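give me coordinates for this.
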Amino acid sequence: MNVRRSAAVLAAVAVFGSAAAPAAFADDASPSPSTALPSGLYGKSDPKFDGVFRQSYALLAQDTVGVKPAAKAVNWLTGQQCASGGFAAYRADASEPCDSKTQVDSNSTAAAVQALAALGGEDKSLGKTVDKSVAWLKSVQNQDGGWGYNPGLPTDANSTGIVVGALVAAGENPANVKSQDGKSAYDALPKLAMDCGKGDGAFGLADAKSKKLSPNADATAAGVLGSLGKGLVVAPAKKADAAAPKCAKPDTASQAASNGTGYLLDVLGENDDHLMSAMPGAKDQPDLGNTADAVLALAAAGQRDQAEKSAEWLAENSAKWAKESGPAAYAQLILAAHAAGMDPRDFGGTDLVERLGAQGPPAQSASDSSSADASDEKKDENGGTNIWWIIGVGMVAGIGIGFLYSANRKKQQP
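Residues are numbered from 1 along each chain as shown. Predicted coordinates:
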């Protein structure tokens, strides 16, 4: 499964304990579902922990390259929404109303918002769906201005980053979305950024016992995007790189983003342009999903050179991973290719658009890449759309966590 947010997963585990972790951290591929999957759903693996997330990723990626998804695919996603406006990771029987046991979460909801906002256009029904979800996200905002994976969980950079992207996609100014204490996401994110000496400017992941932050590349990529008010659809940076970031006290969102950008540049430079696995207990191996996330963050920060280098590394090394991981992985690569100014239809010799399309129902139509690029540039000028993944790991009594188990680490994407 393609989980983008190991950091959020771990944050939830920190709160609810390790009993929830086995499903998300297991090395074995997830079992196939025992019942037939809906025809509108992307992917063939069990959608229990990532159905809404991978669907949202797939639809957003298709829209980004000018492909109009099948109506049944869009309808499946909208049908997953609860009356409250929130989305759970997956509801096997969407005809049954959501109740207190339905584990709605910020990540699934924010991912759906970004996809549906991109597809909405003049479609009033999709607009209403997006509005309900945004209202739900606002209702579960923490007092510090950020979001945790589930309502009531502490704020983490990954969840806050993906929600910022959803707000922007829906036409909201994140700075104006404030908690009862008058705090916004731009107040919360700097609190999750580490000092230059201890964490080299990274956004941190809280330790389960001590609650102290530790540098985390995944959280940093999400934190940079969120602090910049960007989502997953990022226009390629200008030819000339932005000035090299200088680390300073992260007392503002913009400075936290600058520090985080510098951290990503350093880590990628030390590891031949890719990130390594950051999950505790995971094998020491390249982390392709989080490398794709870093490409987005760097492109958003104006660091085109490193964004291109990391995207080129992905083009050379991602084929096997994407094939095993499924639609969310192909979608991540499409979004990374777009941000790096590369052709997703010829990404290391692979047509990512065709591969993603084969994971679900046939699309309605496709425009040429040039018109798609022009459309994307316009979206980015208006704030863009964005998304970040989730993982239904720490689900105590059904609680889904942060960023679905990483496609980079899983053999299969449920």
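
now the strands for the stretch 201-350 of the chain?
Chain-ordered strands for the stretch 201-350 of the chain, with DSSP state E, counting those that start in this stretch as the definition, fall at 204-206, 213-215, 275-276, 286-287.

quick one: the helices in the stretch 101-250 of the chain?
For the stretch 101-250 of the chain, applying DSSP state H, counting those that start in this stretch gives helices covering 106-120, 124-139, 157-169, 185-191, 196-199, 217-227.

now render those as JSON lines, adding mean neighbour count.
In short, each C-beta sits where N, CA and C put it, glycine included. Conversion of the helices of the stretch 101-250 of the chain to JSON lines gives the following (neighbours: other Cβ atoms under 10 Å):
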{"stretch": "helix 106-120", "mean neighbour count": "30"}
{"stretch": "helix 124-139", "mean neighbour count": "18"}
{"stretch": "helix 157-169", "mean neighbour count": "33"}
{"stretch": "helix 185-191", "mean neighbour count": "23"}
{"stretch": "helix 196-199", "mean neighbour count": "15"}
{"stretch": "helix 217-227", "mean neighbour count": "34"}
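
so which of those helices is nearest residue 42?
Judged by Cβ to Cβ, the one of the helices of the stretch 101-250 of the chain that comes nearest to residue 42 is helix 106-120, at 11.2 Å.

give the other helices and strands that the closest one contacts.
Under the contact criterion of 3 or more Cβ pairs under 8 Å, 6 or more residues apart in numbering; DSSP states H and E, the helices and strands touching helix 106-120 comprise helix 51-64, helix 71-79, strand 87-88, helix 124-139, helix 157-169.

columns mean pLDDT and distance to residue 232 on top of those, output as CSV?
CSV is the format used below for the helices and strands packed on helix 106-120 (pLDDT from 0 to 100; distance: least, Cβ to Cβ, whole Å):
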stretch, mean pLDDT, distance to residue 232
helix 51-64, 98, 7
helix 71-79, 97, 16
strand 87-88, 98, 17
helix 124-139, 96, 16
helix 157-169, 98, 6
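
need the ones you listed in JSON lines with distance to residue 214, can you?
Listed next are the helices and strands packed on helix 106-120 as JSON lines, based on distance: least, Cβ to Cβ, whole Å:
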{"stretch": "helix 51-64", "distance to residue 214": "25"}
{"stretch": "helix 71-79", "distance to residue 214": "35"}
{"stretch": "strand 87-88", "distance to residue 214": "29"}
{"stretch": "helix 124-139", "distance to residue 214": "27"}
{"stretch": "helix 157-169", "distance to residue 214": "12"}
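
where does pLDDT dip in this protein?
Per-residue confidence of the chain (counting by pLDDT under 70) places the weak regions at 1-35, 278-282, 366-414.

for it, longest helix please?
If you go by DSSP state H, the chain has its longest helix at helix 253-270.

quick one: the nearest residue to residue 164 once chain neighbours are set aside from residue 342, how far?
Distances taken as Cβ to Cβ, 6 or more residues apart in numbering put residue 226 closest to residue 164, at 4.1 Å, once the chain neighbours are dropped. Separation of residue 226 from residue 342 (Cβ to Cβ, to the nearest Å): 24 Å.

go on, residue 207?
Noted for residue 207: a distance of 37 Å to residue 342, by Cβ to Cβ.

surely residue 140 is in contact with residue 105?
No: the pair residue 140 / residue 105 is not scored as a contact, 9.3 Å apart, by Cβ atoms under 8 Å.

who's more crowded, these two?
Between residue 140 and residue 105, counted using other Cβ atoms under 10 Å, the more crowded position is residue 105 (31 against 19).

the more buried one pairs with what?
The residues listed as beta-bridge partners of residue 105 by DSSP bridges are residue 87.

correct me, but it touches residue 147?
No: distance between residue 105 and residue 147: 9.5 Å, which falls outside the contact criterion (Cβ under 8 Å).

can you name the residues that contact residue 316?
Residue 316 makes contact with residue 348, according to Cβ atoms under 8 Å, 6 or more residues apart in numbering.

gap between it and residue 125?
Counting by Cβ to Cβ, the gap between residue 316 and residue 125 amounts to 42 Å.

for residue 331, find the nearest of the helices of the stretch 101-250 of the chain.
Nearest to residue 331 among the helices of the stretch 101-250 of the chain is helix 106-120 (9.8 Å), distances taken as Cβ to Cβ.

could I get that closest one in CSV with only the CA atoms?
In CSV, the C-alpha atoms belonging to helix 106-120 read as follows (Å, rounded to 0.1, in the frame of the first residue of the first chain):
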residue,chain,number,x,y,z
SER,A,106,-8.5,14.2,8.6
ASN,A,107,-6.2,12.6,6.0
SER,A,108,-8.8,10.7,4.1
THR,A,109,-11.1,13.7,4.2
ALA,A,110,-8.4,16.2,3.1
ALA,A,111,-7.3,13.9,0.2
ALA,A,112,-10.9,13.6,-1.0
VAL,A,113,-11.4,17.4,-0.8
GLN,A,114,-8.3,18.0,-3.0
ALA,A,115,-9.4,15.5,-5.6
LEU,A,116,-13.1,16.6,-5.7
ALA,A,117,-12.2,20.3,-5.7
ALA,A,118,-9.9,19.7,-8.7
LEU,A,119,-12.7,17.8,-10.6
GLY,A,120,-15.5,20.0,-9.5
